[in-house]
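In: model the structure of this input:
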Amino acid sequence: MANIVEGVFAIHKPPGITSAQVIRDVQSHFNPSSLFAPWFQREHDIKNAESNNQRNKRKSWKSKQPIQVKIGHGGTLDPLATGVLILGVGSGTKALPQFLTCTKSYETVVLFGAATDTYDTEGKVVARKAYEHVTKEKVEEALVKFRGEFMQRPPIFSAIRVQGKHLYEYAREGKEVPVEIQERKMNVEKMELAEWLEGGSHDSAWPEQEAEGAVKNMAEKVLHLKDETEVKGEAAEVAGEAGESAKRKREADSDSAGITYTPAVSSPKRIKSSPAPENDATAIKAEVTESSPKHIKSSPAPENGATAIKAEPTEMSSNACPAPAARIRMTVSSGFYVRSLAHDLGAAVGSLGLMAHLVRTRQGEFELGKNVLEYSDLAEGEKVWGPKVKEMLQNWQGEHGVSEVGRERGSVRHERSAAKPAARAAVRRNSSSDEG
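Out: Now for the predicted structure:
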């Protein structure tokens, strides 16, 4: 029989699709390929060699479906996220659990000034808060508490089960979780600020849709928004004047229910205590509602001053989010929620935060730019992706060996059609996990 390739490789997941959809897309390319023809032949041979009794046991909906290349993933990525998605092929699926416990590296963009029910830009806004006081120095200082071992509370939109129900099911129904979501111990090997992004200088944006009614009330309770903005917001006093910070905190609490940018500039004293460029960006977003192409062409850059910008608004000033953002790189342990980091970091600097972008740059031994298949290669056809996937799977087999499951499929499973020894048959009849 021709060489059968199976094992583990990684693909660069694009944004906007689920990890399950990636598997379906990969299968649609692998199924008709010549590379996996030997794999299909082996599976058909195994199925044809089964006894009638075995076939009767497998009369399930799944067993009646056409055979497809067996593929699973070693840790899902949110639709918003991109980066390394590990896939196991054939017997390689047996090795996937090890990738659920390995370290992972991420690069994320945290956008300040708002919180959503999902902790990212895919959700609905549940609260807003002042962000003018958030600086690069404050973020760097706050990141210290997220290094090493610390406790993290998972987001409400997660697959964690509480009393037999996923947390995201409670969230979608607008129901409060019957018990408090428990914090979990995390280990962070690396947490650093890679880039500071001033308001108006980046492409991240708050979601436009606001949460309402039961969903918003549930979020305020379950996500501890009120507790965090009142208690953790005191972190703003570290780098600012105590009296001014306290007043800014009270004003920010009253602003948290707002749905426009205007609360950020409603207080003259808060404007006075904030850097000028951030005030300019806030004023622009609050006051500019229309801008003509002519003005866009002739207007100065946002840094030239509030008066000039208001008179001749730019396209950037009317569309860009005025809040600052931070690009953060990290290497974390299994079970770490980057969305929770964004939420908690916002609270730690006396504001709110959400995850605007996420890239998984490494998982285990697979790293972007080194040994990861580009998703675009699939569209180029087997002549492009075929040699790459073959090499990746053969490398895996060479380094890790073929699993006993894959090695024995062509022999042991064929023997199942033979008569079993009487002693073994008796054991099986007495087993609670097998039919008599």
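In: what helices or strands is the longest strand belonging to the chain leaning on?
Out: Scanning the chain for the strand with the most residues, using DSSP state E, yields strand 184-197. In this structure, strand 184-197 packs against strand 104-112, helix 136-143, strand 148-152, strand 325-332, with contacts taken as 3 or more Cβ pairs under 8 Å, 6 or more residues apart in numbering; DSSP states H and E. (Each C-beta comes from the backbone N, C-alpha and C, glycine too.)
In: the first one vs strand 325-332, what angle?
Out: It stands for strand 104-112. Going by axes from the mean of the first three to the mean of the last three Cα atoms, to 10 degrees, strand 104-112 is angled at 150 degrees with respect to strand 325-332.
In: and the next helix or strand past strand 104-112?
Out: strand 114-116 (DSSP states H and E).
In: who touches that next one?
Out: With contacts defined as Cβ atoms under 8 Å, 6 or more residues apart in numbering, strand 114-116 is touched by 122-129, 206-207, 211, 223, 225, 323, 343, 346, 352-354.
In: quick check: longest helix of this structure.
Out: helix 382-400 (DSSP state H).
In: now that helix: buried residues?
Out: Applying a neighbour-count criterion of 16 or more other Cβ atoms under 10 Å, one finds 382, 385-386, 389-390, 392-393, 396-397 buried in helix 382-400.
In: re earlier: do you know which of the helices and strands packed on strand 184-197 lies nearest L85?
Out: Proximity to L85 (Cβ to Cβ) singles out strand 104-112 among the helices and strands packed on strand 184-197, at 11.4 Å.
In: show me what that closest one is packed up against.
Out: Counting by 3+ Cβ pairs under 8 Å, 6+ apart, strand 104-112 packs on strand 184-197, strand 325-332, helix 338-348, strand 353-363.
In: between the longest strand of the chain and helix 338-348, how many degrees?
Out: Using the same axes, to 10 degrees, strand 184-197 lies at 70 degrees relative to helix 338-348.
In: given strand 184-197, what are its sheet partners and their directions?
Out: strand 148-152 (antiparallel), strand 325-332 (antiparallel) (DSSP bridges).
In: ok, D117 touching G123?
Out: Yes. Using Cβ atoms under 8 Å, D117 makes contact with G123 at a distance of 4.5 Å.
In: common neighbours of these two, please.
Out: By Cβ under 8 Å, 6+ apart, the residues touching both D117 and G123 are 157, 211.
In: who's more crowded, those two?
Out: D117 (27 against 23; other Cβ atoms under 10 Å).
In: per-residue confidence for the more buried one?
Out: On pLDDT, D117 comes in at 87.
In: burial of the residue nearest to Y119 when sequence neighbours are not counted, as a residue count?
Out: Leaving out its chain neighbours, the residue that sits closest to Y119 by Cβ to Cβ, 6 or more residues apart in numbering is R339, at 3.6 Å. Using other Cβ under 10 Å, R339 is surrounded by 26 other residues.
In: run through the stretch 301-436 of the chain and note the low-pLDDT ranges.
Out: Along the stretch 301-436 of the chain, the model assigns pLDDT under 70 to residues 301-318, 402-436.
In: cutoff 80 now
Out: 301-319, 401-436 (pLDDT under 80).
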